[in-house]
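J.: fold the following.
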Amino acid sequence: MIQTNSIDARSSEMNAARRGSLMAAAGLMLLSLWGAQSAMAGQWHAATIGTQIPHRMYPVSAIPWASSFHVYSIAEAPLTLYQSEYSNGAWNYVPIYTDAFAGPVTASGIFYQTEQVFHIDSDLHLRLTYFNLLKGWKTIGVDGSGENTWNNFDAYISTVVFNNKLYIFYADNMPSPAKNALRYAVFDGTTFTYHVLDGNGGAGGRMNSSMAQPSAVVGPNGLRVYYRDQDRRMLREAYSADGSNWTSFADLDGTAYYGGMVGDVGSHPAATVVNGKVSVFYRDNTNGVLRLAQLNGNWHFGSIDPIDAGTAAAPIVHGGALFGFYAQNGLLRATWGSGPGAMNTQTIDGAGGVANGSTSDYIFGPVVALEYNSAPTVFYQDGTTGRMRNAYWQ
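T.: Residues are numbered from 1 along each chain as shown. So this is what the prediction gives:
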């Protein structure tokens, strides 16, 4: 039986006790080098931001908003989730959730013209912080406190709007010998419904195995979710044409499957669509490198560049090309191109970075990226100062 949870009923019940804590060569680049920059010539710039916040800060997600964008970040001591906006040449910061726990990921998006920020808190439950025009920022429980289950959840969340509904993907985080299921909740604007996607066995290629780290994307022909099989250390895909009937579950990379990698692969997937081709960045933990899977009739795979453990590449599409931004041994790196075997790499910030204003400080992930004013903009942390940094093309 599908269980439901009303946002209107639950929002009035939230209190401070239940809020818990949030888990969740410098200068010019030639057009020939950045072929994907279309007809736009320019250069990378980098700067430290958030200096008015007297604490260490790092980004967790970002969304376009009106003619600007909003970045969500965690400031430490005290741990607080901030919304920041760049407007009229200045950064503005608003605390939206206090006593936050320093988790690696929150998931944000726009649904019904409202900002939605999902996070896993220190009690390992899933909550939603959203903006109400009359009441300001509000937080409600979504799952883990009996709304659907009393289970604890992993810190990684992915959201996507599909068929006028908001899908939230998340995974259990229960002690062994329990298998951690991959779950999703669907929000229609009023009510949440709850489902188990994979991990509990079943028909269609589902597995009885612990799943984690989902990344959902709307492809040309339906909804696709990429995630890691923690037990078998593989990259998985689930597919649905309508968001309700899941007709395909498959292993994509790992021993003896499409990608053919031997060892521990599939961690921290990050999916997007470029020129109608679903493209998924993920980490090969055995070799410590960033890999790319791309669906272009058939699946194609390739390894790109070393990437820090425990981090993901942040994908965007710009100028008809696929871009990914990631941390590598104290550097902010970029990869761009059309697909596996056709990707370039370069250091943007950190020692030897090409950005105007680059630092020699050590760069940390997580890395967050989006398109703004038809150009990439990237957020990450200066690990030496603890301040957040922004690299952007102009």
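
J.: and the helices in the stretch 1-150 of the chain?
T.: 7-11, 16-19 (DSSP state H, counting those that start in this stretch).

J.: can you tell me which of those the model trusts least?
T.: Among the helices of the stretch 1-150 of the chain, helix 16-19 has the lowest mean pLDDT, at a mean of 30.

J.: is the closest residue in space to residue 271 that isn't next to it in sequence bridged to anything, and to what?
T.: Distance criterion C-beta to C-beta, 6 or more residues apart in numbering; nearest residue to residue 271, sequence neighbours excluded, is residue 217 at 4.0 Å. Where you see a C-beta, it was placed from the backbone N, CA and C, and this is true even at glycine. Note on residue 217: beta-bridge partners residue 224, judged by DSSP bridges.

J.: thinking residue 217 is in contact with residue 269, fair?
T.: No: contact criterion C-beta atoms under 8 Å: residue 217 and residue 269 do not qualify, at 9.9 Å.

J.: on that earlier part again, could you give the number of residues near the residue nearest to residue 271?
T.: The burial count assigned to residue 217 is 20, neighbours taken as other C-beta atoms under 10 Å.

J.: which residues touch it?
T.: By C-beta atoms under 8 Å, 6 or more residues apart in numbering, the residues touching residue 217 are 160, 223-226, 271-273, 278.

J.: now it: how far from residue 80?
T.: Distance, residue 217 to residue 80, using C-beta to C-beta, to the nearest Å: 30 Å.

J.: if we can go back for a sec, could I get the contacts of residue 217 as JSON lines with neighbour count?
T.: Shown next, in JSON lines, are these (neighbours: other C-beta atoms under 10 Å):
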{"residue": "160", "neighbour count": "22"}
{"residue": "223", "neighbour count": "21"}
{"residue": "224", "neighbour count": "22"}
{"residue": "225", "neighbour count": "26"}
{"residue": "226", "neighbour count": "26"}
{"residue": "271", "neighbour count": "24"}
{"residue": "272", "neighbour count": "19"}
{"residue": "273", "neighbour count": "17"}
{"residue": "278", "neighbour count": "22"}
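
J.: what's the closest of those to residue 187?
T.: residue 160 (11.5 Å; C-beta to C-beta).

J.: which neighbours does the helix or strand containing that closest one have in its sheet, and in what orientation?
T.: Per DSSP states H and E, residue 160 falls inside strand 158-162. According to DSSP bridges, strand 158-162 forms sheet pairs with strand 165-171 (antiparallel).

J.: buried stuff in the partner strand?
T.: 166-171 (16 or more other C-beta atoms under 10 Å).

J.: can you count the residues close to residue 192?
T.: Neighbours of residue 192 (other C-beta under 10 Å): 22.

J.: quickly list what it is bridged to.
T.: Here residue 192, judged by DSSP bridges, has bridge partners residue 5, residue 187.

J.: how close does it get to residue 186?
T.: For residue 192 relative to residue 186 (C-beta to C-beta), the value is 7 Å.

J.: can you list the weak-confidence ranges in the stretch 151-300 of the chain?
T.: Filtered on pLDDT under 70, the stretch 151-300 of the chain yields the residue ranges 256.

J.: mind listing the strands for it?
T.: 158-162, 165-171, 182-187, 191-198, 211-219, 222-229, 234-240, 246-253, 265-274, 277-284, 289-296, 298-306 (DSSP state E, counting those that start in this stretch).

J.: Throw those into JSON lines and include distance to residue 329, thanks.
T.: Listed next are the strands of the stretch 151-300 of the chain as JSON lines, based on distance: least, C-beta to C-beta, whole Å:
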{"stretch": "strand 158-162", "distance to residue 329": "27"}
{"stretch": "strand 165-171", "distance to residue 329": "29"}
{"stretch": "strand 182-187", "distance to residue 329": "31"}
{"stretch": "strand 191-198", "distance to residue 329": "34"}
{"stretch": "strand 211-219", "distance to residue 329": "22"}
{"stretch": "strand 222-229", "distance to residue 329": "23"}
{"stretch": "strand 234-240", "distance to residue 329": "24"}
{"stretch": "strand 246-253", "distance to residue 329": "24"}
{"stretch": "strand 265-274", "distance to residue 329": "17"}
{"stretch": "strand 277-284", "distance to residue 329": "14"}
{"stretch": "strand 289-296", "distance to residue 329": "12"}
{"stretch": "strand 298-306", "distance to residue 329": "7"}
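
J.: picking that back up, from the contacts of residue 217, pick the one nearest residue 334.
T.: Distances from residue 334 to the contacts of residue 217, taken by C-beta to C-beta, are shortest for residue 272, at 14.7 Å.

J.: quick one: contacts for the closest one?
T.: Per C-beta under 8 Å, 6+ apart, neighbours of residue 272: 217, 278-279, 315-317, 322.

J.: and the furthest pair within those?
T.: 278 and 316 (14.7 Å).

J.: burial count for the spatially closest residue to residue 97 that is not a sequence neighbour?
T.: Among residues not flanking residue 97 along the chain, residue 81 sits closest, at 3.9 Å (C-beta to C-beta, 6+ apart). Other residues within reach of residue 81 by the criterion other C-beta under 10 Å amount to 27.
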